[in-house]
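A.B. asks: sequence first, then the predicted structure:
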Amino acid sequence: MLYDDVMRFRLFLYNKGLKKQTKLSVPVVIVGNITVGGTGKTPLILWMARFLKEQGYKPGIISRGYGGTAEHWPQRVNAESNPEQVGDEAVLMANSTDCPIAVGPERPKAGQMLIEQCACDIILSDDGLQHYALQRDIEIAVIDGQRRFGNGYTLPCGPLREPISRLQTVDLIIVNGQAEEDNEFAMSIEGELAVNLLTKEQKLLTDFVYIPSHALAGIGNPKRFFDLLEQKSISIETHAFPDHHKFTADDICFNDDKAVLMTEKDAVKCFGFATEKHWFVPIKAKPQDQFIDKFLTLIKEKIRG
């Protein structure tokens, strides 16, 4: 297929040095996927950042800043950054971790910014498995356990960015859900609380069992968020939006008294027009212990190397 040929030729150019690759002075960990749509990369990145800080490292996070309209790149990101300027996922990460974050189309420049300005000793790249301009020390592929690889075809006939054989070259494979192969590790996504966008009040999700609610999601796989709520026995009316949707007040306001539950990624774009009916659900990734051990071993090897 034409798409396959283009990807292989592009990788060939990088491998032969005909297209420039940049090697940073600290280890680079790429967390990506081979399919379009959400797989759980960002929750895993946030877990890694917290875990590495606990181990005494100084991680920094870089991302594309998808959808951002900033005039100059790279951009540092904090909790007060405008998601329209730097992208919704970057602001979500800034709200969820105190690690330095930089975004930009040229990931090597974003990583170099964090090394120079923040003395980061590890760079975590949220997405970027197919962005070979940045040399990487560790590659981690995340698989959506519900959708896996779809029909197994690459774009435009299927959901794959690269052939399934690409997984043979990564260091770790983790599944958002149940692992199916011997070389895969499992990861669960957990959410126990809801936070009010207006008042910052927190409630247990179980409190919403008795509160009929709307649930909205503008993420790669909205069904996964809806399933999380239904597993808590919450009665929801679902509203799915495209990934990175730019929400307006009309999108999240309904002519009833029901609560409105949304993802944290969507919430960062809705604070300006939210009411007391609007709540977001923070989620956390929980990798299995064997993944954690293997990940830490790889990090120590790269730091020593």
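C.D. replies: It's in.

A.B. asks: switch to C-alpha atoms for all contacts and neighbour counts from now on
C.D. replies: Fine.

A.B. asks: how about Ile219, what does it touch?
C.D. replies: By Cα atoms under 8 Å, 6 or more residues apart in numbering, Ile219 lies in contact with 37-38, 241-245, 265-266.

A.B. asks: closest to Trp279 among those residues?
C.D. replies: Asp266 (10.5 Å; Cα to Cα).

A.B. asks: ok, back up a step: in TSV: the contacts of Ile219, plus pLDDT.
C.D. replies: Shown next, in TSV, are the contacts of Ile219 (pLDDT from 0 to 100):
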residue	pLDDT
Gly37	79
Gly38	80
Phe241	95
Pro242	92
Asp243	89
His244	87
His245	92
Lys265	93
Asp266	95
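
A.B. asks: which among those count as buried?
C.D. replies: Among the contacts of Ile219, those buried by neighbour count (16 or more other Cα atoms under 10 Å) are 37-38, 241, 243-244, 265-266.

A.B. asks: pull the most distant pair out of the residues you listed.
C.D. replies: Every pair of the buried ones among the contacts of Ile219 checked by Cα to Cα; the farthest is Gly37 and Asp266, at 15.4 Å.

A.B. asks: can you count the residues close to the nearest residue to Gln146 once chain neighbours are set aside?
C.D. replies: Spatial nearest neighbour of Gln146, excluding adjacent residues (Cα to Cα, 6 or more residues apart in numbering): Gly177 at 7.2 Å. By the measure other Cα atoms under 10 Å, the count of residues near Gly177 is 18.

A.B. asks: residue contacts, Gly177?
C.D. replies: Contacts of Gly177 (Cα under 8 Å, 6+ apart): 144-146, 186-188.

A.B. asks: can you redo these as TSV with distance to Ala259?
C.D. replies: Listed next are these as TSV, based on distance: Cα to Cα, whole Å:
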residue	distance to Ala259
Asp144	29
Gly145	29
Gln146	27
Ala186	32
Met187	29
Ser188	26
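
A.B. asks: which of those residues sits closest to Ser96?
C.D. replies: For the contacts of Gly177, the residue nearest Ser96 by Cα to Cα is Ser188; the value is 17.7 Å.

A.B. asks: ok, Asn15 to His131 distance?
C.D. replies: Asn15 sits 13 Å away from His131, going by Cα to Cα, to the nearest Å.

A.B. asks: who has more neighbours, those two?
C.D. replies: Comparing Asn15 with His131 by other Cα under 10 Å, the one with more neighbours is His131, at 16 against 13.
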